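[1] fold the following for me, if possible:
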Amino acid sequence: MDATPRTDDPWSRSQLFTVRVWQEQMARDVQDVRIQVRHVLTGETRYFGAWPPLIDYMLTKLNLPPGPADDA
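    Next comes the predicted model:
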């Protein structure tokens with residue numbers, strides 16, 4: 001068996017996150033989505049109120065450039 005690590009193995013470049021999503025009551029008829037993400041390898045925890053910043057954060061952990069700006 002070859003003991004040389006494979007450099008093309010996608011698991012060697014992977015990251016592990018836990019994501020918790022819930023709705024928070026802001027006013028009587030208004031609910032906002034809240035998102036907690038925890039980078040399992042470091043324990044770093046961040047909170048977001050929208051998906052685009054969450055995705056940008058996760059991409060930085062993969063050393064990838066952030067996605068396009070959200071115009072919404």
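
[2] contacts only, for the nearest residue to residue 36 once chain neighbours are set aside.
    Nearest non-adjacent residue to residue 36, counting by C-beta to C-beta, 6 or more residues apart in numbering: residue 20, 4.3 Å away. In short, each C-beta sits where N, CA and C put it, glycine included. Counting by C-beta atoms under 8 Å, 6 or more residues apart in numbering, residue 20 touches 35, 36, 37.

[3] helix, strand or coil: sort out the most centrally placed residue in the chain for me.
    The centroid of the chain falls nearest to residue 58 when counting by C-alpha atoms, centre = their mean (3.6 Å). Here residue 58 is helix, with the state taken from DSSP: H, G, I helix; E, B strand; the rest coil.

[4] list the contacts for it?
    Residue 58 makes contacts with 15, 17, 37, as judged by C-beta under 8 Å, 6+ apart.

[5] how would you label the first one: helix, strand or coil?
    To tie it back to what came earlier, the one meant is residue 15. On the basis of three-state DSSP, residue 15 is classed as coil.

[6] tell me the predicted confidence for residue 72.
    At residue 72, the model reports a pLDDT of 42.

[7] same check, this time on residue 2
    57.

[8] swap in the one 3 residues further on?
    Residue 5 is assigned a pLDDT of 57 by the prediction.

[9] one more: the one 3 residues further on?
    For residue 8, the model assigns a pLDDT of 69.

[10] before we move on, the earlier item: can you pick the most crowded of the contacts of residue 20?
    When the contacts of residue 20 are compared by neighbour count (other C-beta atoms under 10 Å), residue 37 ends up highest, at 19 neighbours.
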